[in-house]
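[1] Okay, sequence plus prediction incoming.
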Amino acid sequence: MSDPTTHALFTCRRLTADDIPAAQRLSAAIGWPHRREDWRFSARTGIGFVAEMAGALVGTVVCWKFGADQATLGMLLVAPEHRGVGIGRALLARALDELGGRDITLYATEAGRPLCDALGFETCGALDQMQGAAFRPPLVALPANERLRPLGTNDTAQLVALASRASGLHRDHVLPPLLDLADGIALDRDGELLGFSLFRRFGRGFVIGPVVAGATPDAVHAKALIRHWLALNEGALVRIDVPHGHGLRAWLTGLGLARSETVVKMRRLASAPRNAESGHADDGLQQYAVITQSLA
């Protein structure tokens, strides 16, 4: 069902599979690297809305629900020639209405931040987008009883649990389809799964994320999980989006990745009280790199 909403100059409706080519062209026109396959993953795992003007797609937004009380927003873009007429605000309003009384997280650029401020979002962090194409990372030594190993088909339930604990978001509907697209490596201690990282095609190259591991002063587990992919893909364009506060930016810079963008993390809390199923991040476990900025 398209459930269109008509404004004076444009119409908002649900994103469908048929919109993917036009959405990808729109994102490419403003410099986003997303492929059609990246858009399809967003549409498969989230709920999207588009704005049309005179039959042309001129704006998008996608939202994701994580359990009953949490959500994220992303893929908000408006064609440059049609900005300033309320398209972004209308799309965000549709997404907020869809999400209802959930706590909502998003990453905003400086250009998008004023609109998010106006809609009640507050800054609560930041993230660096790092990317590069030439690596010779030194070995990261793990304790003698710890090792990296390939992910197995029986690991999925544990991966979902770790990802949910680290992010504070229920990952049961997002991580399995992500595993269909990604290669993975696990951090194992005497048969116990301690963390993992995923590596997949994205945009013009590859992306590492999420990276989930225990919190340590030197982030050695996260570094080992990241270093594995960099060592295997020397010369490939690799991107990783790392939240502030984990101390990875200087280390990644030293390996040859440069910061290409910094975005702010914003959150709008629901007024209703949280229930017992609400997600809360586990202090002992960290998400050192996000899946994408949209999925957080």
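    Cool, the structure landed.
[2] domain parsing for the protein?
    5-101, 130-271+278-289 (automatic domain parsing).
[3] export those domains to a markdown table and tack on mean pLDDT, distance to Leu119 and mean neighbour count?
    For the C-beta atoms, the positions are set from N, CA and C on the backbone; glycine is no exception. Formatted as a markdown table, those follow (pLDDT from 0 to 100; distance: least, Cβ to Cβ, whole Å; neighbours: other Cβ atoms under 10 Å):
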| stretch | mean pLDDT | distance to Leu119 | mean neighbour count |
| --- | --- | --- | --- |
| domain 5-101 | 95 | 6 | 18 |
| domain 130-271+278-289 | 93 | 7 | 18 |
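[4] Out of the ones you listed, flag the one nearest Ala118.
    Taking Cβ to Cβ, domain 5-101 is the member of the domains of the chain nearest to Ala118, at 7.9 Å.
[5] Ends of that closest one, what's the gap?
    21 Å (Cα to Cα, to the nearest Å).
[6] for the stretch 51-200 of the chain, what spans make up the helices?
    87-99, 113-118, 156-167, 175-181 (DSSP state H, counting those that start in this stretch).
[7] Compare those helices and report which one is nearest to Leu106.
    It is, among the helices of the stretch 51-200 of the chain and with distance given as Cβ to Cβ, helix 113-118, at 6.8 Å.
[8] Which elements pack onto the closest one?
    Secondary-structure packing of helix 113-118 (3 or more Cβ pairs under 8 Å, 6 or more residues apart in numbering; DSSP states H and E): helix 87-99, strand 258-268.
[9] can you list contacts of that helix?
    Gly88, Arg89, Leu92, Leu106, Ala108, Thr123, Val264, Met266 (Cβ atoms under 8 Å, 6 or more residues apart in numbering).
[10] that older thread, JSON lines for the domains of the chain, including distance to Asp117?
    Below are the domains of the chain laid out as JSON lines (distance: least, Cβ to Cβ, whole Å):
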{"stretch": "domain 5-101", "distance to Asp117": "12"}
{"stretch": "domain 130-271+278-289", "distance to Asp117": "8"}
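[11] out of the ones you listed, which comes closest to Gly112?
    Of these, nearest to Gly112 by Cβ to Cβ is domain 5-101, at 6.5 Å.
[12] Can you add distance to Val58 and give the helices of the stretch 51-200 of the chain back as JSON lines?
    What follows is those, written out as JSON lines (distance: least, Cβ to Cβ, whole Å):
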{"stretch": "helix 87-99", "distance to Val58": "6"}
{"stretch": "helix 113-118", "distance to Val58": "16"}
{"stretch": "helix 156-167", "distance to Val58": "32"}
{"stretch": "helix 175-181", "distance to Val58": "28"}
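[13] closest one to Ile30 among those?
    helix 87-99 (12.6 Å).
[14] Packing partners of that closest one?
    Helix 87-99 packs on strand 11-14, strand 47-53, strand 56-66, strand 70-78, helix 113-118, going by 3+ Cβ pairs under 8 Å, 6+ apart.
[15] Try it again at 10 Å.
    Helices and strands touching helix 87-99, by 3 or more Cβ pairs under 10 Å, 6 or more residues apart in numbering; DSSP states H and E, are strand 5-6, strand 11-14, strand 47-53, strand 56-66, strand 70-78, strand 103-108, helix 113-118.
[16] what's the closest of the helices of the stretch 51-200 of the chain to Tyr288?
    It is, among these and with distance given as Cβ to Cβ, helix 156-167, at 8.5 Å.
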